[in-house]
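Peer 1: no FASTA, just this:
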(Lines give C-alpha, C1' and ligand atoms only; values in the text may rest on other atoms or scores of the structure.)
Protein backbone atom coordinates (compact mmCIF):
# COMPACT_ATOMS: atom_id res chain seq x y z
CA UNK A 1 0.00 0.00 0.00
CA UNK A 2 0.86 3.68 -0.05
CA UNK A 3 3.38 5.06 2.42
CA UNK A 4 3.62 8.80 3.13
CA UNK A 5 6.54 10.35 4.97
CA UNK A 6 6.27 13.93 6.23
CA UNK A 7 9.07 16.25 7.37
CA UNK A 8 9.82 18.04 9.57
CA UNK A 9 7.75 16.90 12.54
CA UNK A 10 8.12 20.34 14.12
CA UNK A 11 8.80 23.67 12.45
CA UNK A 12 9.34 26.92 14.32
CA UNK A 13 9.49 30.23 12.41
CA UNK A 14 9.27 33.94 13.08
CA UNK A 15 6.22 35.85 11.95
CA UNK A 16 6.70 36.98 8.36
CA UNK A 17 9.08 34.16 7.44
CA UNK A 18 8.22 31.39 4.98
CA UNK A 19 7.53 27.80 6.01
CA UNK A 20 7.98 24.70 3.88
CA UNK A 21 6.70 21.22 4.72
CA UNK A 22 7.67 18.27 2.54
CA UNK A 23 6.03 14.90 1.96
CA UNK A 24 7.20 11.90 -0.01
CA UNK A 25 5.02 9.05 -1.22
CA UNK A 26 5.76 5.55 -2.43
CA UNK A 27 2.99 4.65 -4.90
CA UNK A 28 3.61 6.16 -8.33
CA UNK A 29 -0.11 5.67 -9.09
CA UNK A 30 -1.07 8.30 -6.49
CA UNK A 31 -2.73 11.23 -8.21
CA UNK A 32 -4.42 13.33 -5.54
CA UNK A 33 -2.58 15.17 -2.75
CA UNK A 34 -4.58 17.18 -0.18
CA UNK A 35 -3.19 19.22 2.71
CA UNK A 36 -5.12 19.62 5.95
CA UNK A 37 -4.65 22.12 8.80
CA UNK A 38 -5.65 21.02 12.28
CA UNK A 39 -5.71 23.51 15.13
CA UNK A 40 -5.52 22.22 18.67
CA UNK A 41 -8.70 20.34 19.55
CA UNK A 42 -10.30 21.12 16.20
CA UNK A 43 -11.15 19.13 13.08
CA UNK A 44 -8.70 18.77 10.16
CA UNK A 45 -9.63 21.32 7.49
CA UNK A 46 -8.65 21.11 3.85
CA UNK A 47 -6.50 24.12 2.93
CA UNK A 48 -5.27 23.20 -0.54
CA UNK A 49 -5.00 20.18 -2.79
CA UNK A 50 -3.29 19.27 -6.04
CA UNK A 51 -3.84 16.62 -8.67
CA UNK A 52 -1.07 14.93 -10.59
CA UNK A 53 -1.81 16.68 -13.86
CA UNK A 54 -0.40 19.98 -12.51
CA UNK A 55 2.92 20.86 -10.92
CA UNK A 56 1.95 23.81 -8.75
CA UNK A 57 -1.12 25.43 -7.26
CA UNK A 58 -1.40 28.69 -5.33
CA UNK A 59 -4.04 30.20 -3.09
CA UNK A 60 -2.99 33.54 -1.61
CA UNK A 61 -0.15 32.83 0.86
CA UNK A 62 -0.33 29.06 0.39
CA UNK A 63 1.13 27.03 -2.45
CA UNK A 64 1.69 23.36 -3.13
CA UNK A 65 4.24 21.93 -5.54
CA UNK A 66 4.35 18.41 -6.89
CA UNK A 67 7.31 16.51 -8.34
CA UNK A 68 5.92 13.27 -9.76
CA UNK A 69 9.31 11.97 -10.84
CA UNK A 70 10.76 12.27 -7.36
CA UNK A 71 7.42 11.40 -5.74
CA UNK A 72 7.34 14.32 -3.41
CA UNK A 73 5.11 17.31 -2.82
CA UNK A 74 5.52 20.34 -0.60
CA UNK A 75 3.41 22.95 1.15
CA UNK A 76 4.74 26.50 1.10
CA UNK A 77 3.36 29.21 3.38
CA UNK A 78 4.66 32.74 2.84
CA UNK A 79 4.45 35.72 5.20
CA UNK A 80 3.51 33.45 8.10
CA UNK A 81 1.21 34.76 10.82
CA UNK A 82 0.64 33.52 14.38
CA UNK A 83 -2.77 32.16 13.32
CA UNK A 84 -0.97 29.81 10.92
CA UNK A 85 0.23 27.90 13.99
CA UNK A 86 -1.31 24.42 13.80
CA UNK A 87 -0.54 20.84 12.79
CA UNK A 88 -0.44 20.31 9.04
CA UNK A 89 -1.09 16.90 7.46
CA UNK A 90 -0.35 15.84 3.93
CA UNK A 91 -2.06 12.88 2.27
CA UNK A 92 -1.82 10.90 -0.95
CA UNK A 93 -4.51 8.95 -2.76
CA UNK A 94 -4.36 6.74 -5.84
CA UNK A 95 -6.91 6.91 -8.60
CA UNK A 96 -9.71 4.47 -8.00
CA UNK A 97 -8.96 4.40 -4.28
CA UNK A 98 -11.19 6.22 -1.83
CA UNK A 99 -8.83 6.12 1.14
CA UNK A 100 -6.07 8.72 1.44
CA UNK A 101 -2.93 7.81 3.34
CA UNK A 102 -1.92 10.54 5.76
CA UNK A 103 1.50 11.70 6.88
CA UNK A 104 2.25 11.97 10.59
CA UNK A 105 1.86 15.72 10.66
CA UNK A 106 4.03 18.79 11.11
CA UNK A 107 3.54 21.07 14.08
CA UNK A 108 4.08 24.63 12.81
CA UNK A 109 4.75 27.30 15.41
CA UNK A 110 4.81 30.93 14.28
CA UNK A 111 6.37 33.24 16.84
CA UNK A 112 5.08 36.84 16.90
CA UNK B 1 -24.48 24.73 5.08
CA UNK B 2 -23.93 22.49 8.08
CA UNK B 3 -20.72 20.52 8.20
CA UNK B 4 -20.06 17.04 9.51
CA UNK B 5 -21.12 16.72 13.13
CA UNK B 6 -20.16 14.13 15.72
CA UNK B 7 -21.53 13.26 19.13
CA UNK B 8 -20.52 13.11 21.85
CA UNK B 9 -17.56 15.48 21.69
CA UNK B 10 -15.98 13.69 24.65
CA UNK B 11 -16.59 10.26 26.10
CA UNK B 12 -15.03 8.82 29.24
CA UNK B 13 -15.67 5.16 29.93
CA UNK B 14 -14.28 2.32 31.95
CA UNK B 15 -12.34 -0.61 30.57
CA UNK B 16 -14.68 -3.35 29.41
CA UNK B 17 -17.65 -1.07 28.70
CA UNK B 18 -19.47 -0.62 25.39
CA UNK B 19 -19.54 2.73 23.59
CA UNK B 20 -21.29 4.18 20.56
CA UNK B 21 -20.03 7.17 18.62
CA UNK B 22 -22.29 8.99 16.18
CA UNK B 23 -21.56 10.81 12.94
CA UNK B 24 -23.89 13.04 10.93
CA UNK B 25 -22.40 13.62 7.47
CA UNK B 26 -23.00 16.59 5.22
CA UNK B 27 -26.42 16.25 3.61
CA UNK B 28 -26.20 14.54 0.24
CA UNK B 29 -22.76 13.05 0.82
CA UNK B 30 -22.88 9.37 -0.10
CA UNK B 31 -19.39 8.46 1.13
CA UNK B 32 -18.61 8.30 4.85
CA UNK B 33 -15.34 7.44 6.54
CA UNK B 34 -14.24 6.70 10.09
CA UNK B 35 -10.68 7.39 11.22
CA UNK B 36 -8.83 7.10 14.50
CA UNK B 37 -6.25 9.69 15.47
CA UNK B 38 -3.79 9.10 18.27
CA UNK B 39 -1.70 11.89 19.78
CA UNK B 40 0.99 13.07 17.39
CA UNK B 41 -0.27 10.94 14.50
CA UNK B 42 -2.21 11.47 11.34
CA UNK B 43 -5.72 10.05 10.89
CA UNK B 44 -5.70 6.26 10.57
CA UNK B 45 -8.39 4.73 8.34
CA UNK B 46 -10.94 2.43 9.99
CA UNK B 47 -13.93 1.92 7.68
CA UNK B 48 -15.58 3.41 4.59
CA UNK B 49 -19.26 3.41 3.62
CA UNK B 50 -20.69 4.07 0.19
CA UNK B 51 -24.38 4.52 0.82
CA UNK B 52 -25.61 1.98 3.35
CA UNK B 53 -22.97 -0.67 2.84
CA UNK B 54 -19.50 -0.94 4.31
CA UNK B 55 -17.42 -0.91 1.16
CA UNK B 56 -14.16 -1.34 3.03
CA UNK B 57 -13.73 -2.28 6.70
CA UNK B 58 -10.10 -3.37 6.39
CA UNK B 59 -8.94 -0.72 8.85
CA UNK B 60 -10.95 -1.97 11.81
CA UNK B 61 -8.35 -3.23 14.30
CA UNK B 62 -10.33 -6.25 15.56
CA UNK B 63 -13.83 -7.64 15.95
CA UNK B 64 -14.59 -5.41 18.94
CA UNK B 65 -15.09 -2.58 16.45
CA UNK B 66 -18.19 -2.39 14.28
CA UNK B 67 -19.93 0.39 12.37
CA UNK B 68 -23.33 0.79 10.73
CA UNK B 69 -25.04 3.25 8.43
CA UNK B 70 -28.54 1.79 8.06
CA UNK B 71 -30.18 4.55 6.04
CA UNK B 72 -27.17 5.83 4.16
CA UNK B 73 -26.84 8.98 6.24
CA UNK B 74 -26.02 8.86 9.97
CA UNK B 75 -23.38 6.35 11.01
CA UNK B 76 -22.57 4.82 14.38
CA UNK B 77 -19.20 3.38 15.36
CA UNK B 78 -19.56 0.76 18.07
CA UNK B 79 -16.77 -0.47 20.31
CA UNK B 80 -17.31 -3.47 22.56
CA UNK B 81 -15.27 -4.37 25.65
CA UNK B 82 -13.26 -1.17 25.44
CA UNK B 83 -9.55 -1.27 26.26
CA UNK B 84 -7.25 1.53 27.39
CA UNK B 85 -5.52 1.33 24.03
CA UNK B 86 -8.76 2.38 22.34
CA UNK B 87 -8.31 5.89 23.79
CA UNK B 88 -7.99 8.29 20.86
CA UNK B 89 -9.89 10.86 18.85
CA UNK B 90 -12.34 9.21 16.47
CA UNK B 91 -12.88 11.30 13.37
CA UNK B 92 -15.65 10.99 10.83
CA UNK B 93 -15.45 12.44 7.33
CA UNK B 94 -17.84 12.56 4.41
CA UNK B 95 -17.54 13.31 0.71
CA UNK B 96 -19.93 13.81 -2.16
CA UNK B 97 -18.58 10.71 -3.83
CA UNK B 98 -15.70 8.32 -3.35
CA UNK B 99 -13.34 10.39 -5.50
CA UNK B 100 -14.24 13.73 -3.96
CA UNK B 101 -12.67 15.80 -1.20
CA UNK B 102 -13.31 14.58 2.34
CA UNK B 103 -14.65 16.94 4.99
CA UNK B 104 -13.97 16.07 8.59
CA UNK B 105 -16.12 16.32 11.68
CA UNK B 106 -14.79 17.70 14.98
CA UNK B 107 -14.15 14.23 16.35
CA UNK B 108 -15.07 12.36 19.51
CA UNK B 109 -12.34 12.21 22.12
CA UNK B 110 -12.61 8.77 23.76
CA UNK B 111 -10.85 8.07 27.03
CA UNK B 112 -10.92 4.56 28.44
CA UNK B 113 -9.92 4.43 32.10
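Peer 2: Perfect, thanks for sending it. Given the structure is predicted, the values throughout are model-derived calculations rather than measurements.

Peer 1: what about the strands in the chain?
Peer 2: In the absence of a named chain, this looks at chain A. If DSSP state E is used as the criterion, the strands of chain A fall at A:4-7, A:10-14, A:19-25, A:30-38, A:45-51, A:56-59, A:62-67, A:72-77, A:86-94, A:101-102, A:106-111.

Peer 1: that's the wrong chain, I meant chain B
Peer 2: Counting by DSSP E, chain B has strands at residues B:5-7, B:10-13, B:19-24, B:31-37, B:44-50, B:53-56, B:65-68, B:75-79, B:88-95, B:103-104, B:108-112.

Peer 1: tell me which of these lies nearest to residue A:10.
Peer 2: Taking CB to CB, strand B:31-37 is the member of the strands of chain B nearest to residue A:10, at 17.7 Å. Backbone N, C-alpha and C define where each C-beta goes, glycine included.

Peer 1: what angle do the closest one and strand B:108-112 make?
Peer 2: Computed by axes from the mean of the first three to the mean of the last three CA atoms, to 10 degrees, the angle separating strand B:31-37 from strand B:108-112 equals 40 degrees.

Peer 1: in contact with whatever residue of chain A ends up closest to chain B: list those residues for me.
Peer 2: Of all residues in chain A, residue A:102 sits closest to chain B, with a separation of 3.3 Å (CB to the nearest CB). Taking CB atoms under 8 Å, 6 or more residues apart in numbering or on different chains as the criterion, residue A:102 is in contact with A:4, A:89-91, B:42-44.

Peer 1: now swap in residue A:68 and tell me
Peer 2: Counting by CB under 8 Å, 6+ apart, residue A:68 touches A:28, A:52.

Peer 1: ok, which pair from the contacts of residue A:102 is furthest apart?
Peer 2: Across these, the two members that end up farthest from each other (CB to CB) are A:90 and B:44, 14.8 Å apart.

Peer 1: of the two, which one has the most company?
Peer 2: For residue A:90 and residue B:44, the more surrounded residue by other CB atoms under 10 Å in any protein chain shown is residue A:90, and the numbers stand at 29 against 16.

Peer 1: ok, the closest residue to that one other than its chain neighbours - how many residues close by?
Peer 2: Leaving aside its chain neighbours, residue A:90 sits nearest to residue A:23 (3.8 Å; criterion: CB to CB, 6 or more residues apart in numbering or on different chains). Residues contacting residue A:23 under the criterion other CB under 10 Å number 26.

Peer 1: just give the nearest non-adjacent residue to the residue of chain A closest to chain B, would you?
Peer 2: residue B:42 (3.3 Å).

Peer 1: equivalent analysis for residue A:67, please.
Peer 2: Counting by CB to CB, 6+ apart, the nearest residue to residue A:67 once its immediate chain neighbours are dropped is residue A:73, at 7.0 Å.

Peer 1: kindly report the same for residue A:71.
Peer 2: Leaving aside its sequence neighbours, residue A:71 sits nearest to residue A:25 (CB to CB, 6+ apart; 5.2 Å).

Peer 1: for the one you found, list each beta-bridge partner.
Peer 2: Using DSSP bridges, the bridge partners assigned to residue A:25 are residue A:4.

Peer 1: repeat for residue A:73
Peer 2: For residue A:73, the beta-bridge partners under DSSP bridges are residue A:23, residue A:66.

Peer 1: burial measure for it, as a count.
Peer 2: Using other CB under 10 Å, residue A:73 has 25 other residues around it.

Peer 1: by neighbour count, which of the contacts of residue A:102 wins?
Peer 2: Note: the member of the contacts of residue A:102 with the most neighbours is residue A:90, at 29 neighbours, neighbours being other CB under 10 Å.
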